[in-house]
Structure formats: C-alpha cells, structure tokens
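A.B. asks: Build me a model from this:
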Amino acid sequence: MQLAHFIPARHLGIPAALIAVALWSSAPLLAEQARSVSPLSLTTLTLFAGALATLPLSRRTSTTHLNLGWCLSVWLGVPLLILGAVGSYFIGMRIAPAAEAALITYTWPVLFVLLSQWTRLGRIRLKSLTGALIAFSGAALLLTPQANAIAPLASLPGYGFALLAALCWALYSWLGQAAPIALTPQLPRLLLTAAFMSGAATLWLEGSITLPDQTALAAGIALGLGPFGIAMVAWDKALRQGQASVVGSLAYGVPLLAAALLVIAGISPLDWRLPLAALLVIAGCIQASR
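C.D. replies: Here you go, the predicted structure:
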C-alpha cells in the first residue's frame, strides 16, 4: 500500500518543504568538507550528481511553440544561472567565512520578490522595499569588524560572490515562474548542461580537473543528491501540494539552521552578529513577501 492512500496529498506539502529546508541547510557544512578540491571542480561534481538525482523527473516536453528568445533563455540562460549560482556560492565560501557567505546567499528570496514585482507590476511595493532593506541590513551587519579584529577587507570578494549567487538564484526562480514551460521536468538536462559548462570552465581556467579525495568526493555527491537534487524535487512537490504561504514561510528558517550547523560543527565561531544577521534576513524576507 502507498502512503498517499492514508495521507491526503495536500498534507504532504509541509513534510516535503521540511525535507528541502533541512537539505538546503546542510549545504554550507557539506561544502566545507570538500575544501580539498577547487570550487569549480566541486561545482562540476555537484551538478553531475544533481542531474542523476533528478533523473526520475525527466520527461520529454514539446518546445516547438517556444520562440527563439525563450529557447535561448531556457536551454542556455538557465544552465548559466545554475552554474553561476552554485559556482559563485562555493567560491564565496572559500574566500569569506562560510556562515557569513551562506547567509548573504540566502537573501535571494528578497531579490526574487523585487524582480517579480518590477516585471509584473512595473513598480516595487513599499512593503517589499522595506523588507529588502531589512534583509540587506542583516547582510551589511556581517561587514562590521569584530572586537579586536581588522575590518574584513579580505572577505569582501567572497561576499561579492555570495551576492552574485543570490542574484543568480533570484533570476533562475523568476525564469522558472515566467517561462511558458515547466522547468522541473527539464531539470536533469539543465543540470547536466550546467555540469558540462562547469567542467569546460575548470579545464580552461585550471588546466585539469583534480580528482577529489574520498571525503571531498562524498561531500560533492551528497551536495548534488541533497541540496541540489532531492531538495529541488521536494520543494517543487511542496509548492504544488502545500499551502503556498505556509510552505514559503518554512524556507525562512534555512539561513538560521545553516549557521547553527556550522557553529555546532566548530567550523564557524559563535559570534553575536551571526544570529542577529540571520534574524534580520528572515524578517526582511517575510516583510518583502507579505
């Protein structure tokens, strides 16, 4: 017997969302376990694993009705955005402290809300703008120097890459909303295309793709199967079978949980700025989406 016979489909949305949130929260911790390989090599491994994890979703969809602009947006733009999001995320975490870079990346829901309103309404609502300011004040808090520490100038490029990752995720989400075809059934091919792009970039910039050690290999595969594989499938199911407002609010816990995991693992120090910045980002996301 199937579980769906006992649990109505509409009640499966919240468990699916919780699975996605838990997997997304583990991404910074897993990325830290793969520091022995370059960010681009890790990106290639992760995207290949993600393509395999989402393979059951694959189904052929007719795209003959798409004009040239949408064909380029879906088959070229989306893989580039996925590559930009994942690659920039890993690079940012190598340059800047992992918890702080991850937190800046998690401002992407605010950017998505602003972009959606601008393209749909031709303006940005005051509530959304206020939410964006609150969220980015949390990100800006991380730029303040700690006690007895020099201003984190060396981390600024890492913060920039983290913000680029957030922008790529926001644009990816907007394209997924605006595209005339559903992106989820195309996800295996899109991830595979992004993986080939990442592999080509690695060969061009680094000359070779370094084989990871066992720990890095396991972490890279786990990243692809979990945060960039099963989590994306679970989130799609949550959005389709759950109440959007409830499901959406669960995602706001990702930055706080991710930071907590890094502190518990001893990777990030316990710093008063981190929980405060996470709360500001969460509050800003909630305000922007009201």
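
A.B. asks: Could you list the low-pLDDT ranges of the stretch 101-250 of the chain?
C.D. replies: 142-152, 239-240, 242-249 (pLDDT under 70).

A.B. asks: can you map out the strands along it?
C.D. replies: Using DSSP state E, counting those that start in this stretch, the stretch 101-250 of the chain contains no strands.

A.B. asks: Please work out how many residues are found near the closest residue to residue 193 other than its chain neighbours.
C.D. replies: Nearest residue to residue 193 in three dimensions, chain neighbours excluded: residue 79, at 4.0 Å (Cβ to Cβ, 6 or more residues apart in numbering). In short, each C-beta sits where N, CA and C put it, glycine included. For residue 79, the neighbour count with other Cβ atoms under 10 Å is 22.

A.B. asks: show me the contacts for residue 79.
C.D. replies: Going by Cβ atoms under 8 Å, 6 or more residues apart in numbering, residue 79 touches 190-191, 193-194, 197.

A.B. asks: let's go with 6 Å and repeat that
C.D. replies: Going by Cβ atoms under 6 Å, 6 or more residues apart in numbering, residue 79 touches 190, 193-194.

A.B. asks: Kindly report the same for residue 117.
C.D. replies: Residues near residue 117 by Cβ under 6 Å, 6+ apart: 124, 128.

A.B. asks: re the thing from before, can you lay out the contacts of residue 79 as a markdown table showing distance to residue 36?
C.D. replies: Formatted as a markdown table, the contacts of residue 79 follow (distance: Cβ to Cβ, whole Å):
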| residue | distance to residue 36 |
| --- | --- |
| 190 | 28 |
| 193 | 27 |
| 194 | 23 |
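
A.B. asks: Out of these, flag the one nearest to residue 34.
C.D. replies: Top of the list for closeness to residue 34, among the contacts of residue 79 and by Cβ to Cβ, is residue 194 at 17.7 Å.

A.B. asks: Quick check: that closest one touching residue 81?
C.D. replies: No - between residue 194 and residue 81 there is no contact under Cβ atoms under 6 Å: 8.5 Å.

A.B. asks: So which of the two has more stuff around it?
C.D. replies: Taking other Cβ under 10 Å, residue 194 and residue 81 do not tie; residue 194 has more neighbours (28 against 23).

A.B. asks: Excluding chain neighbours, what is closest to residue 137?
C.D. replies: In space, residue 137 is closest to residue 280, 5.7 Å off (Cβ to Cβ, 6+ apart).

A.B. asks: How confident was the prediction at the one you found?
C.D. replies: We have a pLDDT of 81 for residue 280.

A.B. asks: list the contacts for residue 237?
C.D. replies: Per Cβ under 6 Å, 6+ apart, neighbours of residue 237: residue 16.

A.B. asks: i'd like the first residue to be 2 from this point on
C.D. replies: I'll keep to 2 as the first residue from here, and by that count the last item is residue 238.

A.B. asks: okay, which residue is most central for this protein?
C.D. replies: In the chain, the centroid-proximal residue (Cα atoms, centre = their mean) is residue 170; its distance is 6.0 Å.

A.B. asks: I'd assumed residue 111 was in contact with that residue.
C.D. replies: No - Residue 170 is beyond contact range of residue 111, at 11.0 Å (criterion: Cβ under 6 Å).
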